[in-house]
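Colleague: only geometry, no sequence info:
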C-alpha cells in the first residue's frame, strides 16, 4: 500500500487548476456540445455522456470552460489551507465571481458558467443556482473571516436579502423551507438544509436574532421530513437516499445546532449520522446510495462510489472530530481513485468499470476535503 503526503496532493491539485485558470470539463456539460438533439432527448444523452468512461467531449465540440461550482470549492479550499500563501489565486477567483454574477436578480447570486441539462433541471450562464450560490457564499464567509474584505460581506448580505425578499419559501410560526427554484415549488430537502447552514454561518459573523429564528424553524422542518430510520430522501418526488446529499444535510444540521441547539435537533442529528455510518459505507469505501434506499433506475447499477461521496464524508467526519474515520476514507480514495502520475482524482466506479476522466469539479471537491481534513489537524495541534 502506497503512502501519500496529503498536503503535497492538495498543492498538486491546486497548482494544476491554477495553471489553466481553473477551467476544465464538467460531467454535466453536454448541452454545450455542437450536437443538436430534440429537447426531450437532451437529459438522457446528457446522462450517458456523464457516466461514459470514454471522454467524447473533443468529438462533440465541448471545450474546457469556467466553472462556478469548482471555483467556489477551490476558493474555499485555498482559504482553508493557507490564505496568505494562496492570496493571489483566492483574489483572482473572488474577482471572477464579481465579474460573472447572475443577471437574474439585482442581488448577488451565481449560476452555471456553461449550458447544462439534467433530467429535472436545465440552466446556463446568467441564471441563478441556489446551490452554487450557497457554496460560493460558504467560501466568501470563510474568506471574510480571514481577510475582513468588505466586498465579500456585501455579497453575503446581498444574497441574504434575495433569500428574504424574493426566493420562494414556505414559512409558519414553527417551520421554514426554501424551494430549490426561485419562483417554482420544488421541495428538495438538502436545499433547505444548505440554506440553514448559510444562516448559521451568517449568524457567526453577524448575530441577528432573525437569523437564529430561521435556523430554528429549518431544524424543525428537517426533523419533520426525516424518515423513521433517520434518513432523508432527496425530495418529495424522489425518495432515494444517497451518500453525499446525506452528508450535506448532516453537516448543515451540525452547523445549525451550534446556533439553535435543542434535544430534538440533537436526536435528529444522532439518528441521521447512525444510519449514514451504518448503511452508506463498506469499510472505508463510501457507497453512492444508502443500502436500503436505492433508486429504482439504472443509476443504482452504474454508480457504486463517486469521488464526491468520499470527499463529503471526509469533510463531515473531519468537522465532527472523527479523524480516524476521515483518515480511513481519505486513504481509501488515494489508493483507489487517485492517478499518481497525472495527479488527479477519478470520477466514479462500479463493479465493471471505472471512469478515470479528469473533471475539474471533482478535483475541487477533493481539494476542499483535504483542506478540511488538514484544517482540523492544525486546529487540534
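Modeller: Right, received. Where do you want to start? These figures come from a predicted structure and were not determined experimentally.
Colleague: surely residue 63 is within a strand?
Modeller: No: using DSSP: H, G, I helix; E, B strand; the rest coil, the assignment for residue 63 is coil, not a strand.
Colleague: got the contact list for it?
Modeller: Going by C-beta atoms under 8 Å, 6 or more residues apart in numbering, residue 63 touches 32, 57. No exception for glycine: its C-beta is placed from N, CA and C like everyone else's.
Colleague: bridged to residue 339, which residues?
Modeller: Beta bridges link residue 339 to residue 344, judged by DSSP bridges.
Colleague: my read: it touches residue 346, true?
Modeller: Yes: between residue 339 and residue 346 there is a contact at 7.0 Å, judged by C-beta atoms under 8 Å.
Colleague: what about the two, which has more around it?
Modeller: residue 346 (21 against 11; other C-beta atoms under 10 Å).
Colleague: so that one makes contact with residue 308?
Modeller: No: look at residue 346 against residue 308 with C-beta under 8 Å: they stay out of range, at 11.4 Å.
Colleague: where do the contact lists of these two overlap?
Modeller: With C-beta under 8 Å, 6+ apart as the test, residue 346 and residue 308 both reach residue 362.
Colleague: thinking again about what came up before, what touches both of residue 339 and residue 346?
Modeller: What both residue 339 and residue 346 touch, as defined by C-beta under 8 Å, 6+ apart, is the set residue 356.
Colleague: next one: stretch 136-143 to chain centre, how far?
Modeller: Distance of stretch 136-143 from its chain centroid, counting by C-alpha atoms, centre = their mean, to the nearest Å, is 13 Å.
Colleague: to clarify, my last question referred to stretch 49-67.
Modeller: How far stretch 49-67 lies from its chain's middle: 21 Å, per C-alpha atoms, centre = their mean.
Colleague: next: stretch 19-39.
Modeller: In terms of C-alpha atoms, centre = their mean, the centre of stretch 19-39 is found 19 Å from the chain centre.
Colleague: would you mark the buried spots in it?
Modeller: 22, 23, 24, 25, 26, 27, 28, 29, 30, 31, 32, 33 (16 or more other C-beta atoms under 10 Å).
Colleague: among those residues, which one sits closest to residue 165?
Modeller: Residue 165 lies nearest to residue 28 out of the buried residues of stretch 19-39, by C-beta to C-beta, at 29.7 Å.
Colleague: that's a helix at that closest one, yeah?
Modeller: No: read with three-state DSSP, residue 28 is coil and lies in no helix.
Colleague: for it, what are its contacts?
Modeller: Residue 28 makes contacts with 46, 50, 116, 117, 118, as judged by C-beta under 8 Å, 6+ apart.
Colleague: report the separation between the last one and residue 329.
Modeller: When C-beta to C-beta, to the nearest Å is the yardstick, residue 118 and residue 329 sit 27 Å from each other.
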